[in-house]
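Asker: below: sequence and its predicted model.
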Amino acid sequence: MAEAKKAKSGGKFGSCCDELKEAMAGEDFEPLVTEGRDGVLYLAVGLVDLEEDEPGMVDHPMYFCPFCGTRVQTAEDVQAKAAANPDDDE
Ligand SMILES: [Zn+2]
């Protein structure tokens, strides 16, 4: 495993810039950038109509911060975490 220069974090996203931190905090809104239970950072890319009342969120792993361009995780990270947490249903 390549240990990039990510200090000793335990998967703490939002440390690259205030914009991402605030986007994740979502104090006044529903955040579209969230860390899943599997520790992967996800970006909501849209809504999908389910056969229910509530629309569902379509999210996708986010590899780079959309605000400052810092790489927040790699495809390998995501795959490893997803493999370690096969049950990623809400
Ligand atoms: Zn950033």
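Answerer: That came in fine, so what should we check first?
Asker: residue contacts, the residue of the chain most remote from its centre?
Answerer: Most distant residue from the mean C-alpha position of the chain: Glu51, 25.6 Å away (C-alpha atoms, centre = their mean). Contacts for Glu51 (C-beta atoms under 8 Å, 6 or more residues apart in numbering) come out as none. For glycine as for every other residue, the C-beta is placed from the backbone atoms N, C-alpha and C.
Asker: what do you get for the one 4 residues further on?
Answerer: Residues in contact with Pro55, defined by C-beta under 8 Å, 6+ apart, are 47-49.
Asker: contacting residues around the lengthiest strand in the chain?
Answerer: Ordering each strand of the chain by length in residues (DSSP state E) puts strand 41-48 first. The contact list for strand 41-48 (C-beta under 8 Å, 6+ apart) reads 13, 32-36, 55-62, 66, 72-73.
Asker: hey, what's the residue most central in space within the chain bridged with?
Answerer: Compute the mean C-alpha point of the chain, and by C-alpha atoms, centre = their mean the closest residue is Leu41, 1.6 Å away. Counting by DSSP bridges, Leu41 forms beta bridges with Glu35.
Asker: so Asp77 sits in a strand?
Answerer: No - counting by DSSP: H, G, I helix; E, B strand; the rest coil, Asp77 is not part of a strand but helix.
Asker: quick one, what contacts the residue nearest to it when sequence neighbours are not counted?
Answerer: Distances taken as C-beta to C-beta, 6 or more residues apart in numbering place Val40 nearest to Asp77, at 7.5 Å, with adjacent residues excluded. Residues in contact with Val40, defined by C-beta under 8 Å, 6+ apart, are 61, 73, 77-78, 81-82.
Asker: now Val40: how far from Ala83?
Answerer: 11 Å (C-beta to C-beta, to the nearest Å).
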